[in-house]
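Engineer: Kindly return the folded structure for what I paste below:
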Amino acid sequence: MLGQIATFLVNTVVTFFVILLLARFHLQWLRVPFRNPVGEFLIATTNWMVMPVRRAVPPVAGLDTATFILAWLLEFAGLWVVAAIAGIPLTALGAIALALVELLRFSLYILVFAIVMQVVFSWVNPSAPLAPVFDAIARPFLRPLRRFIPPIGRVDLTPAILFIFLQLVLEFVLPYLKAMAALL
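Structural biologist: All right, here's what the predicted structure looks like:
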C-alpha cells in the first residue's frame, strides 16, 4: 500500500515537471513567443531548475539542450526510483532508453493537446489570446498534410488526420519501443 502511494506520488511529480520542461523545450524549438500566459507559466515553474543547468550545458544548434537534458534526467531518476520501490531490476542502459521513449510519449501528448486546443479555439474563438500559441505549436506538423489534403467545404480535416496518426503511434509504435527499451 505504501509502495503504491509512493509510486503514485513520484510518477505525479516527475511527470508534471517533465511535461513542463518538454513544453518549454518545444515552444523554444518551434519559436513560439513566451509572452503569453502559457509561456510565462512555463518560465515561472521551470526557471529554478533550468537556469543552473544552462551554465553547464550550452545550447546546440539553437536548441535549449539544458531543458531537454534536464527533462531526460528527471524522467530517468523517476523511472529509477519507481523501479526501486517496486523491486523491479532495471539496468542503466534500459532506464536511459526507457526515459527517452517516455520523453517521446510526453512530446506526442503535448502535440495532441495543442492540436485539440487549436481546433477548439478555431471553432469557438479564433481571436482568443492563447489561440496563436496552440496554432504555432500545431502548424509545423499540419503544414505538410495541408499540401496534400485540401479543405472540404471550408472544413480543414488535417488536424483529425494528424490526431489519428499520433494515436496510432501512441498505441502501436511506442509500446513496441518501450518493450525494446526494457530489454536493454
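Engineer: Ramachandran angles for the nearest residue to Asn125 once chain neighbours are set aside?
Structural biologist: Distance criterion Cβ to Cβ, 6 or more residues apart in numbering; nearest residue to Asn125, sequence neighbours excluded, is Ala131 at 7.0 Å. Where C-beta positions appear, they are placed from N, C-alpha and C, glycine not excepted. Main-chain dihedrals, Ala131, degrees, to the nearest 10: phi -60, psi -40.
Engineer: Quick check: the gap between Ala131 and Val155.
Structural biologist: Using Cβ to Cβ, to the nearest Å, Ala131 is found at 18 Å from Val155.
Engineer: now do Ala114
Structural biologist: 19 Å.
Engineer: More neighbours: those two, which one.
Structural biologist: Ala114 (25 against 7; other Cβ atoms under 10 Å).
Engineer: so Val81 touches Leu9, yeah?
Structural biologist: No. Applying Cβ atoms under 8 Å as the test, Val81 and Leu9 come out as separate, 10.1 Å apart.
Engineer: More neighbours: these two, which one.
Structural biologist: More crowded of Val81 and Leu9, by other Cβ under 10 Å: Val81, with 15 against 10.
Engineer: Which strand or helix spans the more buried one?
Structural biologist: In this structure, Val81 sits in helix 65-86 according to DSSP states H and E.
Engineer: who touches that helix?
Structural biologist: The contact list for helix 65-86 (Cβ atoms under 8 Å, 6 or more residues apart in numbering) reads 3, 6-7, 10-11, 13-15, 17-18, 21-22, 24-25, 28, 46, 49-50, 53-54, 56-59, 89-90, 95-96, 98-100, 102-103.
Engineer: Just the buried residues of the next helix or strand after that helix, please?
Structural biologist: In the C-terminal direction, the helix or strand that comes right after helix 65-86 (DSSP H and E) is helix 92-124. Residues 94-95, 97-99, 101-108, 110-112, 114-115, 117-119, 121-122 are the ones in helix 92-124 that count as buried (16 or more other Cβ atoms under 10 Å).
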